[in-house]
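Trainee: Kindly return the folded structure for what I paste below:
(3 chains)
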Amino acid sequence: MKTTQILIAGFGGQGILFAGKFLAYKGLLEEQQVSWLPSYGPEMRGGTANCSVILSEEAIGSPIITAPDVLIAMNLPSLKKYEDAVVPGGAIYVDSTLIHEQVARTDVTVHYIPATQMARDAGAGNLANMVMMGHVLQSCPELSFDGTETTVQKLVPAKKAALVELNLKALQLGRDYEG
Amino acid sequence: MAERVLMKGNEAIAEAAIQAGCRHYFGYPITPQTEIAAYMAKRLPKIEGGVFLQAESEIASINMVYGAAATGARVMTSSSSPGISLKSEGLSYIAASDVPAFVVNVQRGGPGLGGIQPSQSDYFQATKGGGHGDYRMIVLAPATVQEMASLTVRGFNLADKYRMISMILADGTIGQMMEPISFQDIQVETYEKPWALTGTGMERPHNIVNSLYLKPDELERKNFERYEKYAAVEAAEAMWETYQMDDAEIGVVAFGIAARVAKNAVAAARSEGIKAGLIRPITLWPFPKEVLRQAADQVKAFVSVELNMGQMIDDVRLCTGCKRPVSLCNRTGGMIPSPDQVLASIRAAVKGGN
Amino acid sequence: MAIVFQKPHALTDAPLHYCPGCPHGIIHRLVAEAIDALGIEGRTIGIAPVGCAVMAYDYFSCDMMEAAHGRAPATATGIKRCRPDNIVFTYQGDGDLASIGMAETVHAAARNENITVIFVNNAIYGMTGGQMAPTSLPGQVTQTSPYGRDVTHCGWPIRICELLATLEGPEYVARVAVNNVKNVKAAGKAIQKAFQNQIDKKGFSLVEVISACPTNWGMTPQKALEWVESDMIPYYPLGVYKDRTAAKEAAE
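Mentor: Modelled structure (predicted):
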């Protein structure tokens, strides 16, 4: 059974839930079983937010992730909170613009991407989430960058065409980053 | 909507309700089910005859449902635990008047104001009453987003068929999560409603929707009749799912989100050689007694997995006649047990401990 | 033989259970006469309250429903929103409408819900045996205010018409009484207007009827009617408190 459990965590307002939704939609379009579970609470902006996405070839049992294969940490508290939960051999993606510490674990693959800075420089200020996604899709063996364009088009309303372009640009930035 | 789309559980309920012919929604905001009202507020005004109305309170909204239901309309309300407590008076009246209604409880931690994280601690309230008096509701417990939709349609059908309240007893997790869903298998049943308040048209005696019977013998007769109906529901409408039960020696019993966690634990137990299986009640009332009764002849022990202090476990014990030990694996207050915790309970059950 | 008097068609043949001297019978009749006069019985749905009029569902010939205590305006809302072409009325007492059901009353009025509300104010809880009501007068002796209503302890009576008239929502709010022939006639007119407004889709129309409760007031029926005149009406002045259409016409 091939199942990938991905945990995305950061501040509310960083597009954590949207990034998860993007991954889930991509899985859906690829005929996989998917589940997307957000943290929910009173913090609409600025509080902690996380999102669990499971992609699988088989029916998904619990949608709750206790041991992620992939952790995408968009701020330091999230890295601290979930670092130890990642399965040995798993991967951790760190937004190094916002997180200046190094991951202590040695039994996981760690990627440092200055996503927030990259998005800012490219004029896509709040799309650090999609820069991260681009790099995750490119480098994670269980995932693939193929089909991102269709997914973005599906996910972003047609009347916001400019946003489609911006999201794709952010994804490509992440894909092409060689840290 | 034949294609698979990603939808939140709460949205799936709302869309399915519309497809089931519900045109009237009355509610009051409460986390974690606000997506249902938001969806209805957006959609219903665009549909002919559709009405979304935000009431001044949960109490008002359930009584709006009562009025609408009395006209024979397919109507619903949704809320979360504290709100359902407020609606419980109205639920008793609706049950006592034998009008059909559809109610959703996306549970959160309690008691009191509690919290907003997922819970199953309204099991007693939903299955044993909640409001005053002798009455029952059909209680449906979805475990997937797809079931949020399919059980919603079934809930409307059963409500009309038996002139009862159907309640979806979900939790914050299933309400908030997204999964792929398809609406291609929607089967809407319709029933005649000669009892409905539509105006006599000066062509028939007046219909009365009422729950008052001041003569005790008359009220007793009404209650006896209603319980005959409930017996028919118990005989015909219980639903459940089993997983790995064929040769199971440990029977895990869980519903809703707890059943999904339990399924992972059963798979893990199997991989270490423990013959565990899962019984997932889909209807909590009627409780699937027969499958548990039969399982009691087969398994060595049961483990009831719940997001509360142990409520369904009473029903497990009752319908298995305490033939086998039943242990509780639980978290509460908005916490969810991990598959490892459930696995530990399964291992303990094998050893005969709790 | 000429018929000189008969009951309205909108009343059934069921004998009323009300106490001797209770004005509920008169008010039921006024409601039924309005329904007959407007020819709406076949499409009317009435809602009985919890209180003395709880069994009103047996007395009106139209389709009827019995609501939970205080919730009749919400229940009426549910009916009206499903069947906007039906005529929906509630018949409620002071405890039902002005105490436990205050939120439902105010919000139905604020929404200008197109329903007709008949509010019977007799300043006491009758059905439960004469307890203090939200409309009991200062100093009024009841079972739960045996030394007279002490406003420093349990507050002041609520004047519903005056309160609702401050809202933008309602179409028509009026107070009438049934303590003498002249007032009964005026009450009948106000009630009919409250139904006509609904037919004309003008919105929320409430008629407060100052009534009496000889039994729980501990008075003869005649003395009770005198008390309505001497004590109730001065505290609850009769009149039209809001009439949006009339105000609009006057302004034009």
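Trainee: Now do the SS call for residue C:173.
Mentor: strand (DSSP: H, G, I helix; E, B strand; the rest coil).
Trainee: count of residues packed around it?
Mentor: A count of neighbours around residue C:173, defined by other Cβ atoms under 10 Å in any protein chain shown, yields 28. C-beta here means a position set from N, CA and C on the backbone, and glycine is covered the same way.
Trainee: Bridged to it, which residues?
Mentor: Assessed by DSSP bridges, residue C:173 has beta-bridge partners residue C:206, residue C:242.
Trainee: Give me the distance between it and chain B.
Mentor: Counting by Cβ to the nearest Cβ, to the nearest Å, the gap from residue C:173 to chain B is 19 Å.
Trainee: Same question for residue C:204.
Mentor: With Cβ to the nearest Cβ as the criterion, residue C:204 and chain B are 14 Å apart.
Trainee: and if you look at residue C:146?
Mentor: In terms of Cβ to the nearest Cβ, residue C:146 sits 28 Å off from chain B.
Trainee: same question, residue A:139
Mentor: From residue A:139 to chain B the distance is 25 Å (Cβ to the nearest Cβ).
Trainee: Thought residue A:111 was touching that residue, still the case?
Mentor: Yes. Here residue A:139 lies in contact with residue A:111, judged by Cβ atoms under 8 Å, at a distance of 6.3 Å.
Trainee: can you tell me the helix or strand for residue C:183?
Mentor: helix C:181-199 (DSSP states H and E).
Trainee: Can you point out the buried residues in that helix?
Mentor: Neighbour-count burial for helix C:181-199 flags C:183-184, C:186-188, C:190-198 (criterion: 16 or more other Cβ atoms under 10 Å in any protein chain shown).
Trainee: What lies in contact with it?
Mentor: Identification of contacts with helix C:181-199 by Cβ atoms under 8 Å, 6 or more residues apart in numbering or on different chains yields C:26-27, C:30-31, C:33-35, C:37-38, C:40, C:87-89, C:114-118, C:171-172, C:174, C:176-178, C:203, C:205-207, C:209, C:238, C:240, C:245.
Trainee: that older thread, which neighbours do residue A:139 and residue A:111 share?
Mentor: Common neighbours of residue A:139 and residue A:111 (Cβ under 8 Å, 6+ apart) are residue A:91.
Trainee: Check which helices and strands the top helix by length along chain A sits against.
Mentor: Criterion DSSP state H: the longest helix present in chain A is helix A:161-176. Other elements packing on helix A:161-176 under the criterion 3 or more Cβ pairs under 8 Å, 6 or more residues apart in numbering or on different chains; DSSP states H and E are helix A:115-121, helix A:128-139, helix A:148-155.
Trainee: Residues contacting the last one, please?
Mentor: Contacts with helix A:148-155, where a contact means Cβ under 8 Å, 6+ apart, come from A:18, A:21, A:22, A:25, A:26, A:29, A:134, A:137, A:164, A:167, A:168, A:171.
Trainee: where do the strands sit along chain A?
Mentor: Using DSSP state E, the strands of chain A run over A:3-11, A:33-38, A:48-56, A:70-73, A:91-95, A:109-113.
Trainee: For the residue in chain C that chain B sits nearest to, which non-adjacent residue is closest in space?
Mentor: The nearest approach of chain C to chain B comes at residue C:78, 2.7 Å away (Cβ to the nearest Cβ). Nearest residue to residue C:78, sequence neighbours excluded (Cβ to Cβ, 6 or more residues apart in numbering or on different chains): residue B:67, at 2.7 Å.
Trainee: In the host helix or strand of the one you found, which residues are buried?
Mentor: Here residue B:67, judged by DSSP H and E, is contained in helix B:58-70. Using 16+ other Cβ under 10 Å as the test for burial, helix B:58-70 gives B:58-70.
Trainee: Would you check which pair of the residues you listed lies furthest apart?
Mentor: The two members of those with the most space between them (Cβ to Cβ) are B:58 and B:70, at 18.9 Å.
Trainee: The residue positioned nearest the centre of chain C pairs with what?
Mentor: The residue lying closest to the centre of chain C (Cα atoms, centre = their mean) is residue C:119, at 1.9 Å. Beta-bridge pairing of residue C:119 under DSSP bridges involves residue C:92, residue C:208.
Trainee: again, but for residue A:34
Mentor: Beta-bridge partners of residue A:34, as defined by DSSP bridges: residue A:55.
Trainee: do the same with the one 4 residues further on
Mentor: Each beta-bridge partner of residue A:38 is listed here: residue A:51, as defined by DSSP bridges.
Trainee: Tell me the confidence at it?
Mentor: According to the predicted model, the pLDDT of residue A:38 comes to 93.
Trainee: what do you get for the one 5 residues further on?
Mentor: Residue A:43 is assigned a predicted lDDT (pLDDT) of 53.
Trainee: One more: the one 10 residues further on?
Mentor: Here, the pLDDT recorded for residue A:53 equals 98.
Trainee: I'd like to know the average pLDDT value across stretch B:304-319.
Mentor: On average, stretch B:304-319 scores 98.
Trainee: For that stretch, measure first residue to last.
Mentor: Stretch B:304-319 has an end-to-end distance of 13 Å (Cα to Cα, to the nearest Å).
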